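Undergrad: need a 3D model of the sequence below.
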Amino acid sequence: MTYVEGFLTPVPTANKAAYIKHAHGAIDLFKGLGATRFVEAWGDDVPDGKVNDLKQSVALKDDETVLFSWLEYPDKATRDAANEKMMSDPNAAEAMKDMPFDGSRMIFSGFEAIVDTGSATVAPGYIDGYLLPVPTANRDAYHDLAARMAPIFQAHGALRVVEAWADDTADGAVTDYNRATHKRADESVVYAWIEWPDKAARDAAWGKIMADDGNREPDPPFDGQRMMWGGFAPILDTVKGQG
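TA: So this is what the prediction gives:
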């Protein structure tokens, strides 16, 4: 099953072009370390939340945009080896220096995909990204709900649905997934996304999905008030053959 390194990153909006150049410069590095896909998606429709939201997750400033990005690996062992090599490889350090964003507020962790449906070889035009805390004891119940909803999203035009369960969400010095989700000791973090052909298809799909009472979960196995989400426009996707 796919293993995911999931990122949330605050980037000065004025640095968009510089960030895209920076990200493209890392493609060969990540491919060489075994990543099968590298996606960077720029915040487009990221709402404010009552309790938390994706912007608060990275302590976003008024002149910044939040990015939802990920690396896919064939398994955890490959990802762990990649991270270990990056920590000791001077070429990796060179590729990551002079970053056009505040790296101290970027958060990332490893997640094991528990649902992965659809094609990973068709580049989406739009992405829904979401993050939420789930009681660890409810993992099976959450998996069952996610597995039930995935084909509904696909029936309404989604290209792919991925739900990934936290493997290691370490505490960070400034920001991290634990404080972003207000995670409790008995909870785990889920990092997930839906790939759509374009924003119009996504907007139309959500309208129909939300209008169908049969899609509502009367007793979800998680605290929906602490679920965060947003819409993102891809600015890099190695599925397109870049790099």
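Undergrad: pLDDT of the top helix by length along the chain, averaged?
TA: If you go by DSSP state H, the chain has its longest helix at helix 139-155. In this model, helix 139-155 carries a mean pLDDT of 98.
Undergrad: against which helices or strands is it packed?
TA: Applying 3 or more CB pairs under 8 Å, 6 or more residues apart in numbering; DSSP states H and E, one finds that helix 139-155 contacts strand 107-118, strand 160-168, strand 187-196, helix 199-211. Placement of C-beta: from N, CA and C, glycine included.
Undergrad: include mean pLDDT and distance to residue 39 when you put the ones you listed into a markdown table, please.
TA: Formatted as a markdown table, the helices and strands packed on helix 139-155 follow (pLDDT from 0 to 100; distance: least, CB to CB, whole Å):
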| stretch | mean pLDDT | distance to residue 39 |
| --- | --- | --- |
| strand 107-118 | 97 | 13 |
| strand 160-168 | 94 | 11 |
| strand 187-196 | 98 | 9 |
| helix 199-211 | 97 | 16 |
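Undergrad: which other residues reach the longest helix of the chain?
TA: Contact partners of helix 139-155, identified using CB atoms under 8 Å, 6 or more residues apart in numbering, comprise 114-115, 117-118, 134, 158, 161, 163, 165, 188, 190, 192, 194, 205, 209, 215, 217, 220-222.
Undergrad: burial measure for the spatially closest residue to residue 81 that is not a sequence neighbour, as a count.
TA: Spatial nearest neighbour of residue 81, chain neighbours left out: residue 34 (7.1 Å); criterion: CB to CB, 6 or more residues apart in numbering. For residue 34, the count of nearby residues is 16 (other CB atoms under 10 Å).
Undergrad: for residue 34, pull up the helix or strand it's in.
TA: Assigned by DSSP states H and E, residue 34 falls within no helix or strand.
Undergrad: residue 179 too?
TA: Per DSSP H and E, residue 179 falls inside helix 177-180.
Undergrad: check residue 233 too.
TA: strand 228-237.
Undergrad: where does this structure have low pLDDT?
TA: 91-97, 241-243 (pLDDT under 70).
Undergrad: could you rerun that using 90?
TA: Applying pLDDT under 90 to the chain flags the ranges 1, 86-98, 167-168, 170, 213-214, 216-218, 240-243.
Undergrad: which non-adjacent residue is nearest residue 168?
TA: Leaving out its chain neighbours, the residue that sits closest to residue 168 by CB to CB, 6+ apart is residue 110, at 5.2 Å.
Undergrad: show me the contacts for the residue nearest to residue 81.
TA: Counted by CB under 8 Å, 6+ apart, residue 34 has contacts 73-74, 78-79, 81-82.
Undergrad: since that was my last question, I'll sign off now.
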